[in-house]
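Chemist: give the three-dimensional model of this entry:
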Amino acid sequence: MSLEHYDYDLLVIGSGPAGKRAAIQGAKLDKRVAVVERTTVLGGVSVNLGTIPSKTLREAVLELSGYRSREFYGASYTVKQNITIQDLLVRTNKVIQHEIDVTRHQLMRNGVELISATATFCGPETLRLDFIDGSTARTVTARKIIIATGTDTTRDPHIPLDGRDIFTSDDVLKLDKLPRTLAVVGAGVIGCEYASIFAALGVRVTLIDKRHRLLPFVDEEIVDTLGYHLRENRVTLRLNESVHSIERVAGDQGSRVRLHLESGKTILADKALYSVGRTGATQKLSLDQCGLACDDRGRLVVDEHYRTEVPSIYAVGDVIGFPALASTSMEQGRLAVCHAFGIKASSAPSLFPYGIYSVPEISMVGKTEEELTHEAVPYEVGKARYREIARGQIIGDTTGLLKLIFHSETRELLGIHIIGDGASELIHIGQAVLAFKGTIDYFINTVFNYPTLAECYKVAAFDGVNRIGTFQEEDIANAPITV
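Modeler: Presented below is the predicted three-dimensional model:
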């Protein structure tokens, strides 16, 4: 088909972070671009059900519960008594609506056509659009197609999910009231985030996972610290445990749920959050019509340019699996479109940061101690605790930790791991140094604003130098009194 016979140069399926960035990049290249969204609102799961709602909910919880001020005023301190789900949704709904409007405005001002329809493949370059308003379906062609459909929550047919008593993360905003007790099945990122958020509200939480430790991709010391904080907030961890079945049971104050574990244990709770992963939202695409197939979790396989086995079709975002982060998904969308239209572009995919919005917050970039040990790389660590930093005392977070990992011979920075308030913001200082293969000497020689949490970098750098016992003359002159 000649170029002028295509309806669009680029057609993007899905309006989440990956799809939005892909569409805007295509528009910046002066291409005819359309985004097909199967729901009535833009933004995908990230804006409407996942990233934005959960993080906003977390901020509302921390503010209304007075959690951040309890270091000063005691464990009983709260800003509002008897917090309801409606109290939390006031803030959450406002942010969601704002982000939807921003997404629509960004796409429209870049000349991207917005199509509310369900897209199914009729061929490698042809899609059928079934409009959600009931209009007559039509077939369109596109020179390049980007699949950015994201994921749906994984649902086990044997689990009686009802969205009320036994629910998934997609249903949290639909709860009628906050439970007194909650069982969370699955201790991945989403499970840990919601378990800690509900615990900060005073909900008694039981967190269940078949693995022997939380978040196995995170530095072990950081995970141990998270586990300590969860237990301090009365969370019961049931690791190395699998759920056999979940059932509703009648109680004196309404229905409850009972979880039966493979080990024979039973757990009784007001509600259960089922969070065992997500499945690629590809089942409605008719992929067989264009020569593609997904794996058993609905995910698509792509090459280093995010191109599928069909040259005209790319896939980006959560639908291709790990790392399934909004930040990396946006970058994938940009890179895929650049490659599709022959534009040179580069990125540093190995240096993407993680942000885990648990309570307390976790962020990391680069290598972990476990990875470096496996790779036989000689390393040392430097640590700074928030309680050593004036800013940590000011904000009431005296339990946070910043950890630098560096090569013990060259002092090159290899990884940064943070747990504590503002971790996902603080991480980018270290990420920049890591990207340019800097050494921890950068932090020793840099002046940070005072008082700030950024000072942790200097304290951790000096701590690391102390450990390897190779102080240079200027290190001694600059060493802070706290070390």
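Chemist: which residues does stretch 89-106 contact?
Modeler: For stretch 89-106, contacts defined as Cβ atoms under 8 Å, 6 or more residues apart in numbering pick out 15, 20, 24, 41-43, 47-48, 52-53, 56-57, 59-60, 114, 173. The way it works is simple: take the backbone N, C-alpha and C, and place the C-beta from them, glycine included.
Chemist: restricting to C-alpha, output it in PDB.
Modeler: C-alpha atoms of stretch 89-106 as PDB (Å, rounded to 0.1, in the frame of the first residue of the first chain):
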ATOM      1  CA  LEU A  89     -11.900  10.100  47.600                       C
ATOM      2  CA  VAL A  90     -12.300  13.900  47.700                       C
ATOM      3  CA  ARG A  91      -8.700  14.400  46.900                       C
ATOM      4  CA  THR A  92      -8.300  11.300  44.700                       C
ATOM      5  CA  ASN A  93     -11.200  12.100  42.400                       C
ATOM      6  CA  LYS A  94     -10.000  15.700  42.000                       C
ATOM      7  CA  VAL A  95      -6.500  14.600  40.900                       C
ATOM      8  CA  ILE A  96      -7.900  12.000  38.600                       C
ATOM      9  CA  GLN A  97     -10.100  14.500  36.800                       C
ATOM     10  CA  HIS A  98      -7.300  16.900  36.500                       C
ATOM     11  CA  GLU A  99      -5.000  14.300  34.900                       C
ATOM     12  CA  ILE A 100      -7.600  13.200  32.500                       C
ATOM     13  CA  ASP A 101      -8.100  16.800  31.400                       C
ATOM     14  CA  VAL A 102      -4.300  17.300  31.000                       C
ATOM     15  CA  THR A 103      -4.000  14.200  28.900                       C
ATOM     16  CA  ARG A 104      -6.800  15.300  26.600                       C
ATOM     17  CA  HIS A 105      -5.400  18.800  26.300                       C
ATOM     18  CA  GLN A 106      -1.900  17.500  25.500                       C
END
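Chemist: any low-confidence regions in this structure?
Modeler: Residues of the chain that meet the criterion pLDDT under 70 lie in 1-4, 349, 470-483.
Chemist: most centrally placed residue in it?
Modeler: Leu325 (4.9 Å; Cα atoms, centre = their mean).
Chemist: what sits against that one?
Modeler: Leu325 touches Phe352, Tyr354, Gly355, counting by Cβ under 8 Å, 6+ apart.
Chemist: and Ser329, by the same measure?
Modeler: Ser329 neighbours (Cβ under 8 Å, 6+ apart): Gly16, Pro17, Ala18, Arg21, Ser46, Ala148, Val316, Gly317, Asp318.
Chemist: from Ile320, how far off is it?
Modeler: Distance of Ser329 to Ile320, computed by Cβ to Cβ, to the nearest Å: 9 Å.
Chemist: cool, Arg204 as well?
Modeler: Distance from Arg204 to Ile320, by Cβ to Cβ: 38 Å.
Chemist: out of the two, which sits in the busier spot?
Modeler: Taking neighbours as other Cβ atoms under 10 Å, Arg204 and Ile320 compare with Ile320 leading, 23 against 17.
Chemist: hang on, that one packs against Arg307?
Modeler: No. Counting by Cβ atoms under 8 Å, Ile320 stays clear of Arg307, with 10.9 Å between them.
Chemist: now for the residue nearest to Ala199 when sequence neighbours are not counted: which residues touch it?
Modeler: Counting by Cβ to Cβ, 6 or more residues apart in numbering, Asn233 is the residue found nearest to Ala199 once chain neighbours are left out, at 4.0 Å. Residues counted as contacts of Asn233 (Cβ under 8 Å, 6+ apart) are Ser196, Ala199, Ala200, Val205, Val359.
Chemist: how about Arg213?
Modeler: Here Arg213 is in contact with Glu220, Val223, Leu239 (criterion: Cβ under 8 Å, 6+ apart).
Chemist: in strands, which of those fall?
Modeler: Judged by DSSP state E, the subset of the contacts of Arg213 located in strands is Leu239.
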